[in-house]
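**Q** can't give you the sequence, but here's the structure:
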């Protein structure tokens, strides 16, 4: 696997210099992402691609190649495998479609490449996918040009290239990035389980996200997942009859009995989420400090949010210890009118000053029987704060990080605001910010479920 | 009610010129929003506010006032009501908190103002809320300064001011606005039912959204909702024990048995949604043409999305008629490789040209037994499209509107892209754009459920 993600040299078979050649995009990506190893384009005429020396065949390169990308029509792939075998290449990436997802003739090709892989001792990712990206060394192999991302600590495995791309964009929106990205495609030689095992040991990966249309080797999958201490989040689609028909023609995925899948996930401590956007949101929860118990406080700036949070926290089985009376009495000093009844959930009501909010959070987090806080703030980027209000409303975001470090407890924050402003704040802080109050509570639930099985 | 939303004159009791006076924000809003009627600030010293002539009392104004805003401490509200009665004022807005949400002493005050309202024939919105906004005449009464919004066709009723504000922001993010906004607060004199009835007849309102922590007068609520032809969407919080305790101290809301609420909603054809963000998303679905049946096609640019859509469509009971063989044969011409098996759901695979996508949509919508389309497009704002690709990838958004007008059928689109680009496209088109594939299908389900009861 190390050769797959950290090759010293990559040959791209099927990359020419024509501006409609999609293989050229792979070369472009390797250049743009600053891939550190050697890149060898291979095309029939041996033409150079984007200034890199081209070759007419793999054997013409004359030096050992760690990884061969075969971006050629499906029926040409077996021939490229023969060449690889002759040159001692054992790792390949095959983005090309036209295999099992295309019916009978594809099935035959699939059997052929599977047999050749076994015969030659070749392992490959694909076919019919975007293959892999490693942000740590700039190995970016998708055949679509992608903007370079810096290494994050979430790694993504997707059975659909398209869904994989959208996960990348949801990460962009969350001002986050990934560490390794794998689009497994039809999983003929390597499947999600191979990658799950690898990512489980990969030092750059702290959280593992998977989008799957089918689970292969279910029992073994559960065993491997159980042994991995890192959080594993999965969105499993293809749970209905219609989904199954569609998935079969897409990545040749067979449906699984969802109850069986659910049971296996639960037993293995896998976090199951219910939308692709949520996969990214909940993966980011693990940027918060661990939560060590089931007792939380809800702190918000409006009563309505506390109701939403309380509903969600109740559904997730959290308890709300009473807040210390001395603290609540102290808070009353700050309240301008008699509007708010103090308790847990704590509705800050007309307490708008950042210092007072931070004071309250410090006290609440300091309370022994509070394990974490769900915080809901409202910042209207269209409001003008003048004079006294401007000072009161200084940004609290850096201080929240400080409070979490001080108390070793999570503050899971929802910031209700316009999306441009949300993006701005997210890019400034090192913790996740959620878009709706319920998500902030769900994140605490995800942390609790994970750390109760795998104490930090 | 007309006087409430279209008053010729408004007095704001409790608005002074001090920069920490929150009543002044109300005057500021009326100025910024270009409210067309007369505005009279009232404060003890009779000082002018933001250049508008001030008065020491309501009686000092000496002219009839249509609507009085009483932004004064709770215990002063009964006195303002006495003054209103003496002057023949019958409509009031009471933002002030400190009533039932604050326990026993507040309960007493509540009974007093309720009795006075009956005695004097005064109707008022509040207490303990942001009261109302009418975008049509600039009547913006919240005590927080708000950026002016142009009139939209969605009206919002919220039992929580804070949730109401966040709905406004979700609308901003969707590049949409509202027509009328009501934060009902403690609902002592007027409740959601009064506003629901009014909005049902209001020409500016085409879709009604409600956030509720409790439903009062349940049977009557169902009757009124049944008679309204406009779509009514509700997010009802306070469905758990913990939510109930929290809601009681927030807007003095009593919990309802959720099964009873659910039954009433269903019988009345109310669309129930499960998050505040979804309230906005699904309200926007009604900017699409009506759907007249249960048969849809799914068209997408990646197989993974078609699986997600198929799962969701199956759960919502949609059927997928076969697409015409002649059309599918024609499409095969456009396919670059043999990647895709054509069917419904239709995975466009490597068909990236806008013209070809639009051609496919035109044919699919033209098919008699297709009632609507869920479309999933991917646009990576970080991709560079050069030469041939740039021409192929021209924006399809205006053409989609044209196709819907031509066929009188909805195209419910999910656009997977970075949020800044999404916001840009949303601001250019007159139909909703969804963020995840499942939402696009859900929107078709919401349309179908509505129009099957209330044919367009």
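**A** Everything's here; your move. Everything quoted here is computed from the prediction, not taken from an experiment.
**Q** give the helix, strand or coil label for residue A:298.
**A** strand (DSSP: H, G, I helix; E, B strand; the rest coil).
**Q** tell me the contacts of the residue nearest to it when sequence neighbours are not counted?
**A** In space, and not counting its chain neighbours, residue A:298 is closest to residue A:345: 3.7 Å by C-beta to C-beta, 6 or more residues apart in numbering or on different chains. Any C-beta I mention is one placed from the backbone N, CA and C, and that applies to glycine too. Residue A:345 makes contact with A:297, A:298, A:299, A:300, A:306, A:309, A:310, A:320, B:246, according to C-beta atoms under 8 Å, 6 or more residues apart in numbering or on different chains.
**Q** mind putting those into a markdown table with neighbour count and pLDDT?
**A** Output for the contacts of residue A:345, formatted as a markdown table (neighbours: other C-beta atoms under 10 Å in any protein chain shown; pLDDT from 0 to 100):
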| residue | neighbour count | pLDDT |
| --- | --- | --- |
| A:297 | 29 | 96 |
| A:298 | 31 | 95 |
| A:299 | 26 | 94 |
| A:300 | 28 | 92 |
| A:306 | 31 | 90 |
| A:309 | 32 | 93 |
| A:310 | 30 | 91 |
| A:320 | 21 | 91 |
| B:246 | 32 | 76 |
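**Q** between the residues you listed, which sits nearest residue A:33?
**A** When the contacts of residue A:345 are compared for distance to residue A:33 (C-beta to C-beta), residue A:309 wins out at 41.1 Å.
**Q** now the closest one: how far from residue A:299?
**A** Separation of residue A:309 from residue A:299 (C-beta to C-beta, to the nearest Å): 9 Å.
**Q** swap in residue A:356?
**A** Using C-beta to C-beta, we find residue A:356 at a distance of 11 Å from residue A:299.
**Q** then residue A:23?
**A** Going from residue A:23 to residue A:299 by C-beta to C-beta gives 54 Å.
**Q** need the contact list for residue A:441.
**A** Here residue A:441 is in contact with A:296, A:298, A:309, A:312, A:313, A:316, A:318, A:374, A:412 (criterion: C-beta under 8 Å, 6+ apart).
**Q** downstream neighbour of whichever strand or helix holds residue A:331 in the secondary structure list?
**A** Using DSSP states H and E, residue A:331 sits within helix A:325-332. Following helix A:325-332 in sequence order, the next helix or strand is strand A:346-347 (DSSP H and E).
**Q** sheet partners, orientation included, of that following strand?
**A** Using DSSP bridges, strand A:346-347 pairs in its sheet with strand A:296-300 (parallel).
**Q** how far off centre is the strand it pairs with?
**A** In terms of C-alpha atoms, centre = their mean, to the nearest Å, the centre of strand A:296-300 is set 27 Å apart from its chain centre.
**Q** neighbouring contacts of that strand?
**A** Contact with strand A:296-300 is made by A:306, A:309-310, A:313, A:318-321, A:323, A:344-348, A:357, A:360-361, A:364, A:367, A:370-377, A:437, A:441, A:444, B:162, as judged by C-beta under 8 Å, 6+ apart.
**Q** repeat the analysis, applying 6 Å as the threshold.
**A** Strand A:296-300 is contacted by residues A:306, A:309, A:318, A:344-346, A:364, A:370, A:372-376, A:444 when judged by C-beta atoms under 6 Å, 6 or more residues apart in numbering or on different chains.
**Q** can you lay out the residues you listed as TSV showing secondary structure?
**A** Output for the contacts of strand A:296-300, formatted as TSV (three-state DSSP):
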residue	secondary structure
A:306	helix
A:309	helix
A:318	coil
A:344	coil
A:345	coil
A:346	strand
A:364	helix
A:370	coil
A:372	strand
A:373	strand
A:374	strand
A:375	strand
A:376	strand
A:444	helix
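**Q** closest to residue A:130 out of these?
**A** Looking across those and measuring by C-beta to C-beta, the closest to residue A:130 is residue A:444, at 33.5 Å.
**Q** please name the nearest non-neighbouring residue to that closest one.
**A** What sits nearest to residue A:444 in space, not counting adjacent residues and going by C-beta to C-beta, 6+ apart, is residue A:412, at 5.0 Å.
**Q** enumerate every residue touching the one you found.
**A** Residue A:412 touches A:374, A:440, A:443, A:444, counting by C-beta under 6 Å, 6+ apart.
**Q** burial count for the nearest residue in space to residue A:121 that is not next to it in sequence?
**A** Spatially, and ignoring its direct neighbours in sequence, residue A:121 is nearest to residue A:90 (5.7 Å; C-beta to C-beta, 6+ apart). Using other C-beta atoms under 10 Å in any protein chain shown, residue A:90 is surrounded by 18 other residues.
**Q** so for residue A:90, what's the pLDDT?
**A** The score at residue A:90 is 97. That number is its pLDDT.
**Q** repeat that for the one 10 residues further on.
**A** Predicted confidence (pLDDT) at residue A:100: the value is 73.
**Q** ok, now which ones touch it?
**A** Counted by C-beta under 6 Å, 6+ apart, residue A:100 has contacts A:106, A:107, A:110, A:186, A:252.
**Q** part of a strand, is the second one?
**A** Read that as residue A:107. No. Counting by three-state DSSP, residue A:107 is not part of a strand but helix.
**Q** all good on my end, thank you.
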